[in-house]
Every structure is written in structure tokens, then in C-alpha cells.
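In: coordinates only, no sequence provided:
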């Protein structure tokens, strides 16, 4: 080989190395671009069989792709896969983790009670324990017509307009969340009812499928009619990896914002800016179905207050709207009912829940599904490759590369999934991209496969078919796949 060719090959190798280093810092939304660039470089060499398939690299196992959170991923496929701690906790933090786990699973009781550390429930509420909504740290179930086994379901309420901080306006006499349970002697707010409309369709290849659309109504409203109010049904999400999301700097989330679709790819991720009650300022939203909470601590305090009726130093007001006199005048469990020490235990526990490693990641059908996942541009919203910042509360989570399969931004999901209820900057058609890590273990942990914000999708396939808006094109491309190709894509998602 002559010197010119040697110099060319050396320069080519150096360019490829530098390009790879740069691309590692980018979100995999750019995977197609990176593959095309690498393909272009190789096409300039003397290789008689240049790589012209930009997806070829995705068709093989990539070293370490089973680890969704660097060296903190854990191997578990048991029914407690979401309840494992991250590696490396100190002896003291292991004790705090166990204490937080106990608090998370304990049922709170009405005040006054002999168990003074766990009283203060309600007086109206949606659940008695955090684990009622997140059984085994996993996912809640949709509301059922019988109201038996409906764990982890709630309904947000509001009326048109914005509160002084730009958030939803609470409903007079009811507040911002419907409480369908109550302590003895206290009237609950209302009953929730659901009926289902079944939609039968066919793929282009003739394979039938069915979607299930829930229709919610209220009855026995004890504090005025709820007719015409804005409402949004929600189910609890699996809570693995929350500390890592909390540790993300704003820049990592904002790098994917494209609110006005400047690159014309049809995807226009939008940031939600919400009220930070801890710091009394506006901040980037990261948590919740609409990215309406700025931090894990506020998300936790908000759930304790809204779901269980428990006060904290963050949300310390009476949880009962003043017209609900019996509720308002009921005894409390202290001020606050959840102490700062207990909040610290909640935080250590939730921030330290590990993300399980992927399964079946080398299986041929999973690798084929990975290619389809990128070809269909699913990765445009279900993004990967983020890096956490320094995280003082739990330093083990600092400076970690994570692959949540979410960009944590708002996206228009179409009229089919619209709740028509704004939440800060999120409109009635927009939802935060749900992280997919752990999705394949929900059946093992929670004994069901219900997905989406209200659990209407009975499995991954139905969840895909409910996508609309910015995801309409990807959904239609999914429908055009052969049955085997659709199964490959689902197998890949289940491997996450």
C-alpha cells in the first residue's frame, strides 16, 4: 500500500473516531444521521463492499446496551424487579432505604391514632398507601366498572383558566383532584363510573385488532355538580429510576426541544415550565404525565397531599376545600403529618430504586425490532443517551449515562388520547413521553400489561395503535409492517 493510501486511511480512522466520540454525546434521535455520515466516510475508502445501510449497525448487539443506567443497572427478572436498590449504598443509606421502603408500603390511618407516626390519612383520599398506587414499585391499574381491584387510579380536576402561578384552576368545592374515598363519618366527594367503547379495526394485511376507549362519568356528587368540569384520568407509573431523572440538568432535557419543528421531522418536543413550590419560582417540569412537577421531592410531597391527604412542610395547608365542613374540621395527624425526616426516607428510597437490565437483548427478533424502532422514528420521542449532573442528595447517581427511552418533553398525541385539560404550558392534547425502561417487566411485577395515562391500552400493541398527533406517521408505518415485523418491534420494547 503506497504512502498516500496509508495517510488517507489513517486520516479516515481518526475522523471516524472523533465523529464517534462526538455522536456519543448526542441523543439517539440523531442515530440515522450518524449512521449516514459513517456510511459516507466508508464509501470514500477502497473497501469493495461499502456499507450502504444506515441501520446495519443497529442489527447487531452493541456492547453494554443491556445496561440502561451505566454501572448501576441490576440483574433481576423477579416479581420484585422494581424494588431493588442501586449498587453501592453505604450501610447507613441501606438502613434509610429500608425505612423509606417501609413508609412507602405502610397504610396510613385517620387521626388521632395510637400509631402517631402514621396517622393523618385523608380525611378524603384516593389511597391509603403509596404502594396502593405503585404496587411493588410498579404500575397502577385502570379504573374498573366494579371499582374492585382499581389500584393506582385518580382523576385530576380543574376549570378553564390559570391560577396565579400559571397552573390549572381548581374546581370550587372540590379542588384539583377527585377524592372518591374518605374516613369514617366524612362524606367522600363523588363516585367514579366507567363504560367502554370498543373500536374494531384491521391492519392493511387484514389482521384484526381492537382498541378499548374508556368513558368516565360521575355520580353521587356531594358538593355540587361536576358537569362540564375539565378532568383527566391518571394511573400511577412504575417508579424506578426517578432519582436519575431528578439528577438530569435542564440542559440535557432542553437539548431535544424543537417546539416549532425547525428540522421538519414532524416531531416538536416542548418543555413545560411549572411552579416550584420549594424554591418559589418557575422551573422546568420533569415528572408527572404532563411534566407538571419540577423535582422528585415536590412530586412526592404532591402525591402525599393529593392522593393520601397528608401534609408536609412543602404542602402544609388543609387538603379539604372549605365547603366540605366535616372534612375541613376533622382532626389532623400533626403539623406536618409527614415529618421532614420521613420525607428524607421517602426521597432516599425512591431515588435509589434501580433500573433492571434489559433481557433477550441478543435475540435475533429483538435486534430486528431495534432496527424497526429506529426506522419508525420511535426514538425521536423515546430518546436515549442522557447524562446526569452532580446530585448532592444521592451522589451515586452523579455523572451517569442513562437510557430512559423518554425525552421528558411534551408532545401532541392526537385527539384520541386528548384529555382537553391544560396543565401549565401543556395543552389538552399534549403528554410527557413515558420512559420505557422496565416496561417488559410490568407483567411480571404487577400481573397486568395496562398502559397509557389511564390504562386504556391492554398491551404494548394497543398503546402503539393509540398514538396520534406527532406520532401518527410512525403509527401508520407500524401498521404497514408484516405481522412478524410487528412482533419483532414489540419484542424489542418488551426487552427494555
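Out: Great, that's in hand. Nothing here was measured: the structure is a model prediction, and the numbers come from that model. Numbering: from 1, shown residues only.
In: got the buried residues for stretch 83-90?
Out: Neighbour counts using 16 or more other C-beta atoms under 10 Å place 83-86, 89 of stretch 83-90 among the buried residues. Just so you know, the C-beta spots here come from the backbone N, C-alpha and C atoms, and that holds for glycine as well.
In: stretch 331-342 now?
Out: Quick answer for stretch 331-342 (16+ other C-beta under 10 Å): 332-333, 336-338, 342.
In: likewise stretch 76-85?
Out: Going by 16+ other C-beta under 10 Å, stretch 76-85 has these buried residues: 76, 81-85.
In: hmm, back to that, and of the buried residues of stretch 83-90, the nearest to residue 175?
Out: Comparing the buried residues of stretch 83-90 against residue 175 with C-beta to C-beta places residue 83 closest, at 31.8 Å.
In: for residue 444, see how far away that closest one is.
Out: Applying C-beta to C-beta, to the nearest Å, the value for residue 83 to residue 444 is 12 Å.
In: quick one: the strands in the stretch 101-250 of the chain, in order.
Out: Ranges of strands in the stretch 101-250 of the chain, per DSSP state E, counting those that start in this stretch, are 124-125, 153-162, 168-169, 181-182, 191-202, 208-219, 230-235.
In: which parts of this structure belong to which domain?
Out: As assigned by automatic domain parsing, the chain contains the domains 1-46, 57-80+355-495, 95-247+287-351.
In: so which of the buried residues of stretch 331-342 are in strands?
Out: Per DSSP state E, strands hold no members of those.
In: show me the two of these that sit farthest apart.
Out: 332 and 342 (15.2 Å).
In: on the three-state scheme, residue 327 is what?
Out: helix (DSSP: H, G, I helix; E, B strand; the rest coil).
In: wouldn't it be in contact with residue 188 here?
Out: No. Between residue 327 and residue 188 there is no contact under C-beta atoms under 8 Å: 9.3 Å.
In: find residues that contact each of these two.
Out: Residues touching both residue 327 and residue 188 (C-beta atoms under 8 Å, 6 or more residues apart in numbering) are 124, 182.
In: compare these two (neighbour count), which wins?
Out: Each of residue 327 and residue 188 has its neighbours counted (other C-beta atoms under 10 Å); residue 327 has more, 24 against 19.
In: give the contact list for the more buried one.
Out: 122-124, 182, 186-187, 320-321 are the contacts of residue 327 under C-beta under 8 Å, 6+ apart.
In: same check, this time on residue 420
Out: Per C-beta under 8 Å, 6+ apart, neighbours of residue 420: 230, 428-429.
In: tell me the pLDDT of it.
Out: pLDDT for residue 420: 97.
In: against residue 136, how distant is residue 76?
Out: Distance from residue 76 to residue 136, by C-beta to C-beta: 12 Å.
In: which neighbours do these two have in common?
Out: Common neighbours of residue 76 and residue 136 (C-beta under 8 Å, 6+ apart) do not exist.
In: now the helices: where do they sit in the stretch 251-400 of the chain?
Out: 296-308, 325-329, 340-351, 364-375 (DSSP state H, counting those that start in this stretch).
In: which of the residues in the shortest one are buried?
Out: Neighbour-count burial for helix 325-329 flags residue 327 (criterion: 16+ other C-beta under 10 Å).
In: likewise for the third one?
Out: Taking 16+ other C-beta under 10 Å as the neighbour-count basis, helix 340-351 is seen to contain the buried residues 342-343, 345-351.
In: which one is residue 487 nearest to, not counting chain neighbours?
Out: Nearest non-adjacent residue to residue 487, counting by C-beta to C-beta, 6 or more residues apart in numbering: residue 365, 7.1 Å away.
In: before we move on, what about residue 169?
Out: Sequence neighbours aside, residue 161 is the residue nearest to residue 169 in space, at 4.4 Å (criterion: C-beta to C-beta, 6+ apart).
In: just give me the neighbour total for residue 224.
Out: Neighbour count for residue 224, taken as other C-beta under 10 Å: 14.
In: how far away is it from residue 170?
Out: Relative to residue 170, residue 224 is positioned 13 Å away (C-beta to C-beta).
In: likewise for residue 183?
Out: 21 Å.
In: between the two, who's got more neighbours?
Out: The residue with more neighbours, out of residue 183 and residue 170, is residue 183; 19 against 16, by other C-beta under 10 Å.
In: let me know the pLDDT of that one.
Out: Per-residue confidence (pLDDT) for residue 183: 96.
In: run through the residues that contact it.
Out: Counted by C-beta under 8 Å, 6+ apart, residue 183 has contacts 110, 121-125, 330.
In: got those as TSV, with neighbour count, pLDDT and distance to residue 478 columns?
Out: Below are the contacts of residue 183 laid out as TSV (neighbours: other C-beta atoms under 10 Å; pLDDT from 0 to 100; distance: C-beta to C-beta, whole Å):
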residue	neighbour count	pLDDT	distance to residue 478
110	22	95	49
121	24	96	44
122	27	96	44
123	28	97	47
124	27	97	42
125	25	96	40
330	21	96	51
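In: before we move on, what SS does residue 472 have?
Out: Using three-state DSSP, the structure places residue 472 in helix.
In: so residue 162 sits against residue 275, correct?
Out: No. Using C-beta under 8 Å, residue 162 is not in contact with residue 275, being 10.6 Å away.
In: neighbour-wise, which of these two wins?
Out: More neighbours surround residue 275 than the other of residue 162 and residue 275, with 21 against 12 (other C-beta under 10 Å).
In: gap between the closest residue to the more buried one other than its chain neighbours and residue 108?
Out: Closest residue in space to residue 275, ignoring its immediate chain neighbours: residue 165 at 3.7 Å, by C-beta to C-beta, 6+ apart. Going from residue 165 to residue 108 by C-beta to C-beta gives 28 Å.
In: these two: who's more crowded?
Out: More crowded of residue 165 and residue 108, by other C-beta under 10 Å: residue 108, with 26 against 13.
In: please report phi then psi for that one.
Out: Note on residue 108: backbone dihedrals following degrees, to the nearest 10 are phi -80, psi 160.
In: and the residue nearest to residue 344 when sequence neighbours are not counted, what helix or strand is that in?
Out: Distance criterion C-beta to C-beta, 6+ apart; nearest residue to residue 344, sequence neighbours excluded, is residue 96 at 7.3 Å. Following DSSP states H and E, one finds residue 96 within helix 91-105.
In: which positions in that helix come out as buried?
Out: Here helix 91-105 shows 93, 96-97, 99-101, 103-105 as buried, counting by 16+ other C-beta under 10 Å.
In: okay, these in a markdown table with distance to residue 370 and pLDDT next?
Out: Below are those laid out as a markdown table (distance: C-beta to C-beta, whole Å; pLDDT from 0 to 100):
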| residue | distance to residue 370 | pLDDT |
| --- | --- | --- |
| 93 | 35 | 97 |
| 96 | 38 | 97 |
| 97 | 34 | 98 |
| 99 | 40 | 97 |
| 100 | 35 | 98 |
| 101 | 34 | 98 |
| 103 | 39 | 97 |
| 104 | 34 | 97 |
| 105 | 36 | 96 |
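In: no more questions from me, cheers.
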